[in-house]
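Q: the following block contains a protein sequence and its predicted model.
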There are 2 protein chains.
Amino acid sequence: MSILVVGSVAFDNIETPFGKAQRCIGGSATYFAVSASFFTEVELVAIVGDDFTDGDLEIFHDRRVNLDGLERVRGAKTFFWSGEYGYDLNVAKTRETQLNVFADFHPKLNEKQRRAEVLFLANIHPELQMDVLHQTERPRLVALDTMNLWIATKRDALEKAFSQVDLVLINEAETRQFTSETNLIRGARAILDLGPPTIVIKRGEYGVLMITKDAAFAVPAYPLENVFDPTGAGDTFAGGFLGYLTSRKSHDERELRRAIIFGSVLASFTVEKFSLDRLREITLEDIYERYRAFRTLTHFEDFEV
Amino acid sequence: MSILVVGSVAFDNIETPFGKAQRCIGGSATYFAVSASFFTEVELVAIVGDDFTDGDLEIFHDRRVNLDGLERVRGAKTFFWSGEYGYDLNVAKTRETQLNVFADFHPKLNEKQRRAEVLFLANIHPELQMDVLHQTERPRLVALDTMNLWIATKRDALEKAFSQVDLVLINEAETRQFTSETNLIRGARAILDLGPPTIVIKRGEYGVLMITKDAAFAVPAYPLENVFDPTGAGDTFAGGFLGYLTSRKSHDERELRRAIIFGSVLASFTVEKFSLDRLREITLEDIYERYRAFRTLTHFEDFEV
């Protein structure tokens, strides 16, 4: 059993009201891979420059992420993002983006990657997402994430991509942007109408909403007294969510709901420290313990008349 | 068993992106009383002018709300509020407020009201809230709501009020305003430190968070495809929440959680039509049915390793 993720590995400069971090490891595929690795074998497909050192690779080695698909380009620089958050940690403000090696990212899957059971297409150009999908032997579950840029500039390609996956992961603002629906439930249904059977809407500190043709599941986020750095929370969620599913025989509603909780648990750890620092520390037992805490947080009984 | 509510009865002009309503019945005590009346006997203490007709009283008669405490002042006008909402239905913009009779509201409780089992001090001047509390024979549960105006202008009185009640109902922005804490959980704890054992934070379309010294309970809001008019949602929530509790012997964590769900259910009905139009239609069976739907919406199982 393995999950394949295609996305970015990056260096980030991050400033929040609680401190700053320079040249820390980031990128959608990084957060996803580390998070998913708690549940299953992960194949990472991404590109870095030769400024990405062997020491930087440790985070992946420590989590036994398969790096056969990580291309390291000589004489080139790794994707770089610099951003800041104000006290409203829900909104990142980008200071600078340098695509660097990422501008020429054209992933070629090897035999093993093509046979991955689950595929996560992290936020990259929707045509590139489809190119990767078409290289695979159609995994049993394909999910994609996207961003405001592609909604604004690559709408047709994105609609086509939505129609070819099993699951769309998207945030609340993007759902409204893509559908021009202010009502989130109608927005979700408009995306389901394009083909994907399931949509998972990320709402930051307000949790997650999963909508299928005949069911809805809503969970709040785990309440934290210390939120340090929200960078990567969405991709960490996706990693926990899909990593857990990869490890399960069934992907029925019951397992999807558990997966949403595991994703939320992983995301709740990520934001407690800068970069992946918190994910480096935790164990599977910590994850199980917070899952149980999630049950305590949200559980209520049927009424008695 | 009865619950006593002290607050406003008003006429509202409301405009939302989906329509407008003129001179419809509103006010915190109105929404609260109608909502609570599904579970228990309600004593309403409020003031109106003689422009409030017998026909206008029907909403209370229909729900068997006790109006002994409703003062009707000859030659004077009822409290009036005019407001609008944009597509972000979480934020009301006030166009006009006319206090009218409400400027001279000095409630005097009668014998029966003084012996109410539960007291809800809706959003009025905190000194008036304490004046009412001191007229009672200390109900078994006292809750209060407040607003940004009192936080900005009557801080000392509000702190004192918080220290004398069992339960503070407040919205998310007000929690941050009152405590200067951007982190909601820390803000909640800062308010608990003033004395009240329980704080219930209303988060609009994102649901409710209840915090006590040793527990937290979070629920999302019921997802609706048609939100027509959010006016009164908070007071309707409070009515369902406290009305249900009034009907129960125990106010332990289990019942508090059920009460949060009943409050959320009532609020989810209110916003489906203008004013109290939806609350006029529903039955207790509708409420029970949506409670069950809430369980389906939020339920997930423990994991299996």
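A: Thanks, I have it.

Q: burial count for the residue in the stretch 1-150 of chain A that chain B sits nearest to?
A: Using C-beta to the nearest C-beta, residue A:87 is the residue of the stretch 1-150 of chain A that sits closest to chain B, at 4.1 Å. Just so you know, the C-beta spots here come from the backbone N, C-alpha and C atoms, and that holds for glycine as well. Around residue A:87 there are 11 other residues, counting by other C-beta atoms under 10 Å in any protein chain shown.

Q: and it, helix, strand or coil?
A: With DSSP: H, G, I helix; E, B strand; the rest coil as the basis, residue A:87 sits in coil.

Q: what does residue A:181 give?
A: Following three-state DSSP, residue A:181 is assigned to coil.

Q: what about it, distance to chain B?
A: Separation of residue A:181 from chain B (C-beta to the nearest C-beta, to the nearest Å): 10 Å.

Q: isn't that residue right up against residue A:190?
A: Yes - assessed by C-beta atoms under 8 Å, residue A:181 is found in contact with residue A:190 at 6.0 Å.

Q: quick one, phi psi at the residue of the stretch 1-150 of chain A closest to chain B?
A: Backbone torsions for residue A:87, taken as degrees, to the nearest 10, come to phi -70, psi -30.

Q: OK, contacts around it?
A: A:17, B:182 (C-beta atoms under 8 Å, 6 or more residues apart in numbering or on different chains).

Q: and it, what's its pLDDT?
A: According to the prediction, residue A:87 has pLDDT 83.

Q: what about the nearest residue to residue A:256 once chain neighbours are set aside, which SS state?
A: Nearest non-adjacent residue to residue A:256, counting by C-beta to C-beta, 6 or more residues apart in numbering or on different chains: residue A:210, 6.6 Å away. With three-state DSSP as the basis, residue A:210 sits in strand.

Q: so residue A:210 touches residue A:200, yeah?
A: Yes - Residue A:210 lies in contact with residue A:200 (C-beta under 8 Å); the separation is 4.9 Å.

Q: for the two, list the residues in contact with both.
A: Jointly contacting residue A:210 and residue A:200 under the rule C-beta under 8 Å, 6+ apart are residue A:260.

Q: so for those two, which sits in the more crowded spot?
A: Neighbours were tallied for residue A:210 and for residue A:200 using other C-beta under 10 Å; the higher tally belongs to residue A:200 (27 against 22).

Q: okay, the residue nearest to residue A:231 when sequence neighbours are not counted and residue A:122: tell me how far apart.
A: Nearest residue to residue A:231 in three dimensions, chain neighbours excluded: residue A:14, at 5.5 Å (C-beta to C-beta, 6+ apart). Distance, residue A:14 to residue A:122, using C-beta to C-beta, to the nearest Å: 19 Å.

Q: comparing those two, which residue is more hemmed in?
A: residue A:122 (28 against 24).

Q: wait, what's in contact with the spatially closest residue to that one that is not a sequence neighbour?
A: Nearest residue to residue A:122, sequence neighbours excluded (C-beta to C-beta, 6+ apart): residue A:7, at 2.7 Å. For residue A:7, the contact set (C-beta under 8 Å, 6+ apart) comprises A:27-29, A:32, A:46, A:120-124, A:235.

Q: skipping its backbone neighbours, what lies nearest the most centrally placed residue in chain A in space?
A: The residue lying closest to the centre of chain A (C-alpha atoms, centre = their mean) is residue A:235, at 2.2 Å. Distances taken as C-beta to C-beta, 6+ apart place residue A:31 nearest to residue A:235, at 3.8 Å, with adjacent residues excluded.

Q: doesn't residue A:270 make contact with that neighbour?
A: Yes - taking contacts as C-beta under 8 Å, residue A:31 lies within contact range of residue A:270: 6.8 Å.

Q: name the residues contacting each of those two.
A: A:232, A:236, A:276, A:279.

Q: any idea how far the third one is from residue A:81?
A: Counting by C-beta to C-beta, the gap between residue A:276 and residue A:81 amounts to 14 Å.

Q: make sure residue A:258 is indeed in a strand.
A: No - counting by three-state DSSP, residue A:258 is located in no strand; its state is helix.

Q: coming back round to it: tell me the pLDDT at the residue nearest to residue A:122?
A: At residue A:7, pLDDT is 98.

Q: ok, now the one 3 residues further on?
A: Turning to residue A:10, the model gives it a pLDDT of 98.

Q: what about it, how many neighbours?
A: 26.

Q: my guess is residue A:235 contacts residue A:145, does it?
A: Yes - contact criterion C-beta under 8 Å: residue A:235 and residue A:145 qualify, at 7.3 Å.

Q: give me the common contacts of these two.
A: Applying C-beta under 8 Å, 6+ apart, one finds that residue A:235 and residue A:145 are jointly contacted by A:28, A:122.

Q: so which residues on the stretch 201-305 of chain A come close to chain B?
A: A:203, A:205-207, A:209, A:215-220, A:223-227, A:254, A:257-258, A:260-262, A:288, A:291-292, A:295-303, A:305 (C-beta under 8 Å from any C-beta of the partner chain).

Q: and if we set it to 6 Å?
A: For the stretch 201-305 of chain A, the residues found near chain B under the criterion C-beta under 6 Å from any C-beta of the partner chain are A:206, A:216, A:218, A:220, A:223, A:225, A:257-258, A:261, A:291, A:297, A:300, A:303.
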